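In: here is a sequence with its predicted model. Questions after.
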Amino acid sequence: MHVSMTTRKTLVRLILTATFGSTAWAAQAADPVLMSPQWTANFCQAWNQTPQLTEGLAGEWLHDDKGRGYKVVEMYRTDCGKGSMVELKIVPKDGKAFCAYGGAPSTAANFAVDFLMHASTKNWQSMGKGDPGPVWAMMSGKLQFQGPKMVAMRAIKPFESFLLLVGKAPYDAHTCPAALTETSSAK
């Protein structure tokens, strides 16, 4: 009988939870994979609870969108490959920059107004702890970046909060997210 790795992990978690109760270890084992669609959905919710992002990006950064009414931020872990890219879709709502979607890519990005960021898992983890900060991360090449650089530089304080939020949204970085297939429907 063949049992998938996912099934094995689920069974182990169930056995450990049943044996030891809801321990911190069992909760940690359930964390979503860093930059998986599930992690990105959680990150999106955390974005909406972070005033430095919702308020700090509500001005020029959000409205520089070629009249589309949204901005896209794509990101992935370089060591996991571009096929594991995820996206955040940011829209204006109640005068704030609201994350309306976090998950698998669903919108064609326009890098005249949208952003793509990728870094190694190790560098994402370091940036999530504030080391290095956003300017040094980009200048040193630890964070690869595509998009309107001047718009990003004018929003450097909220961008710092974005990188720190990566470290605050719980994750498991021991494996790569599954390769995602891009859909053509916009969310």
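Out: Great, that's in hand. Numbers count the residues shown, from 1 in each chain.

In: rounded mean pLDDT for stretch 68-88, please.
Out: Confidence over stretch 68-88 (mean pLDDT, whole number) is 96.

In: measure it end to end?
Out: Length of stretch 68-88, first residue to last, Cα to Cα, to the nearest Å: 15 Å.

In: how about that stretch: buried residues?
Out: Of all the residues in stretch 68-88, those buried under the rule 16 or more other Cβ atoms under 10 Å are 70-78, 80, 84-88. All C-beta atoms are positioned from the backbone trio N, CA, C, and that covers glycine.

In: tell me who's in contact with the residue nearest the centre of the chain.
Out: Central residue of the chain (Cα atoms, centre = their mean): Thr40, 4.7 Å from the mean position. Residues near Thr40 by Cβ atoms under 8 Å, 6 or more residues apart in numbering: 86-88, 102-103.

In: could you pull out the strands in the protein for me?
Out: Shown for the chain, the strands assigned by DSSP state E span residues 71-77, 86-93, 96-103, 115-119, 144-146.

In: relative to Pro51, which of those strands is closest?
Out: strand 96-103 (8.6 Å; Cβ to Cβ).

In: tell me how far that closest one lies from the chain's centre.
Out: Distance of strand 96-103 from its chain centroid, counting by Cα atoms, centre = their mean, to the nearest Å, is 11 Å.

In: and it, average pLDDT?
Out: What strand 96-103 shows for mean pLDDT is 98.

In: so who does Thr175 touch?
Out: Listed by Cβ under 8 Å, 6+ apart, the contact partners of Thr175 are Val33.

In: which pLDDT value goes with it?
Out: Thr175 carries a pLDDT value of 95.

In: just to revisit the earlier point, so can I have TSV of the contacts of Thr40 showing distance to Phe115?
Out: Listed next are these as TSV, based on distance: Cβ to Cβ, whole Å:
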residue	distance to Phe115
Val86	13
Glu87	10
Leu88	9
Gly102	14
Gly103	17
